[in-house]
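> Starting from these lines, generate the structure:
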Amino acid sequence: MRNFIKYNGLFFFISAFFFFSCSNYFKNDYNDNSPTSGKLKVYIDEGLKHHIKNQAYTFESIYPNANIYLYSSSENDAIQKLYNDSCELIVISRVLNKNEIKSFASKNYTIIPTPIAKSGIAIITSKKTPINKLSFEEAVRVLNGQNNLFDSLGSPISLRVVFDSPNSSVIHYLQDSALKNLKIGSNCTVLNSTLEGINYVANHKNSIAFIDFAWLSDSDDSIFKANESVLKILPLSKKNSRYYEKPNQSSFKLNTYPFTRTIYAIKKTGEFTLAKGFETFMAGPKGQLTFLKQGLLPNKQNERSIKIIIEH
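The predicted model follows:
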């Protein structure tokens with residue numbers, strides 16, 4: 001009888017061990033994950049959400065045990081979420097500044113950004129607006145409220161400027177790289193989203209919007225198709241230059257478009273994690289090809305060898 005109780009108890013222990021080991025009862029998939037499985041929260045700059053959404057969809061299709069949850073935010077909010085341990089990976093269009101790096105270092109986090117693609121800030125307007133290009137200097141004057149511009153017939157024109165959202169990375173970039181010590185003019189208005197900015201300029205002549213080019217980079221996307229007939233992207237020159245370029249893969253590659261930005265994936269976890277797996281995927285061949293097909297410049301492009309045989 002004692003042996004029966006002994007073996008019965010042993011059987012129960014072994015059964016319980018396998019039950020809890022094979023179930024998710026004690027498992028937190030946000031912490032206990034691998035490069036190809038588990039759960040991951042990713043905060044992304046609002047302007048990049050369509051591209052990163054496609055990256056996540058492709059990644060999950062290849063690795064069905066991975067679940068990636070994307071949250072749109074401002075870049076500063078994304079950095080704060082990473083610092084506060086609300087996520088393990090963010091995707092934004094800049095590296096961390098010295099103060100941010102110092103803050104992460106105080107928590108023993110070493111932040112190494114991974115460049116994954118290049119985009120830029122596009123200037124869009126209605127096709128009814130009588131201007132077809134802007135110089136860097138003119139763009140700065142418009143942002144500063146000095147609306148001393150002229151249309152193609154030489155008539156003076158005043159432009160209303162709209163931005164995508166409060167505290168957006170577009171505004172921060174323009175303040176740092178274009179305006180510098182100048183203030184944003186009273187002719188500028190901040191809206192609530194990029195889509196609101198696109199709709200505004202589509203319906204208001206003599207208005208322009210500064211948005212992330214990623215919103216309109218994919219010619220197969222529904223947003224591009226819906227606005228192709230009513231909007232135009234203005235070519236822009238670099239400072240002290242007479243050559244005008246539109247934002248595209250070529251001008252990003254040659255660095256001939258003045259408002260070009262690099263997109264970074266930034267994580268703070270170890271190497272054997274889902275954050276590392278998704279970051280590596282975006283920086284790898286399949287992720288880079290996805291960026292290329294959607295109109296952004298991938299950070300790395302596969303080289304193609306062409307063999308030419310001349311027959312006599």
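> Helices of the stretch 51-200 of the chain, residue ranges please.
Secondary structure of the stretch 51-200 of the chain by DSSP state H, counting those that start in this stretch: the helices cover 75-83, 98-105, 136-143, 169-174, 194-203.
> For Glu60, which of those helices is the nearest?
helix 75-83 (20.8 Å; Cβ to Cβ). Any C-beta I mention is one placed from the backbone N, CA and C, and that applies to glycine too.
> quick one: contacts of the closest one?
For helix 75-83, contacts defined as Cβ atoms under 8 Å, 6 or more residues apart in numbering pick out 43-45, 71, 73, 87-94, 96, 100, 103-104, 107, 167-169, 172, 266, 268.
> Among those residues, name the ones in strands.
43-45, 71, 73, 89-92, 266 (DSSP state E).
> filter those residues to the buried ones?
In terms of neighbour count (16 or more other Cβ atoms under 10 Å), the buried residues within those are 43-45, 71, 73, 89-92, 266.
> Surely Pro247 and Ala122 touch.
Yes: between Pro247 and Ala122 there is a contact under Cβ atoms under 8 Å: 5.0 Å.
> Please determine how far Thr129 is located from Arg141.
16 Å (Cβ to Cβ, to the nearest Å).
> And Leu292, how far from Ser168?
Counting by Cβ to Cβ, the gap from Leu292 to Ser168 is 26 Å.
> whoops, I mixed them up, Thr256
Per Cβ to Cβ, Thr256 is found 25 Å from Ser168.
> Same question for Asn255.
From Asn255 across to Ser168, the span is 24 Å (Cβ to Cβ).
> Looking at the two, which one has more neighbours?
Per other Cβ atoms under 10 Å, whichever of Asn255 and Ser168 has more neighbours is Ser168, with 25 against 11.
> Just confirm the more buried one contacts Ser74, I think it does.
Yes: Ser168 lies in contact with Ser74 (Cβ under 8 Å); the separation is 5.9 Å.
> For those two, list the residues in contact with both.
In the contact map built from Cβ under 8 Å, 6+ apart, the residues linked to both Ser168 and Ser74 are Glu46.
> Could you chop the chain up by domain?
Domains of the chain are assigned by automatic domain parsing as 30-117+262-298, 119-261.
> would you list the ones you listed in TSV and tack on mean pLDDT?
Output for the domains of the chain, formatted as TSV (pLDDT from 0 to 100):
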stretch	mean pLDDT
domain 30-117+262-298	94
domain 119-261	93
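> Show the backbone phi and psi for the nearest residue to Cys87 once chain neighbours are set aside.
Nearest residue to Cys87 in three dimensions, chain neighbours excluded: Lys41, at 4.1 Å (Cβ to Cβ, 6 or more residues apart in numbering). Torsion angles at Lys41 (phi, psi; degrees, to the nearest 10) stand at phi -100, psi 130.
> what sits against Lys41?
Contacts of Lys41 by Cβ under 8 Å, 6+ apart are 30, 69, 71, 86-89.
> Look at Phe272 and give its secondary structure.
Of the three states, Phe272 takes coil under DSSP: H, G, I helix; E, B strand; the rest coil.
> wait, it sits on Thr36?
No: under the criterion of Cβ under 8 Å, Phe272 is not in contact with Thr36, lying 10.5 Å apart.
> Just want to know which of these two has more residues nearby.
Just comparing Phe272 and Thr36: by other Cβ under 10 Å the higher neighbour count belongs to Thr36, 15 against 10.
> follow-up on the earlier one: find residues that contact each of Pro247 and Ala122.
Common neighbours of Pro247 and Ala122 (criterion: Cβ under 8 Å, 6+ apart): 213, 233, 259.
> right, and out of those, which lies closest to Ser155?
Of all the shared contacts of Pro247 and Ala122, Ser155 sits closest to Ile233, with 22.7 Å by Cβ to Cβ.
> what would the buried ones among the ones in strands among the contacts of helix 75-83 look like in JSON lines with distance to Lys183?
JSON lines is the format used below for these (distance: Cβ to Cβ, whole Å):
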{"residue": "Tyr43", "distance to Lys183": "30"}
{"residue": "Ile44", "distance to Lys183": "29"}
{"residue": "Asp45", "distance to Lys183": "24"}
{"residue": "Tyr71", "distance to Lys183": "32"}
{"residue": "Ser73", "distance to Lys183": "26"}
{"residue": "Leu89", "distance to Lys183": "35"}
{"residue": "Ile90", "distance to Lys183": "29"}
{"residue": "Val91", "distance to Lys183": "30"}
{"residue": "Ile92", "distance to Lys183": "25"}
{"residue": "Ile266", "distance to Lys183": "30"}
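> No further questions, thank you.
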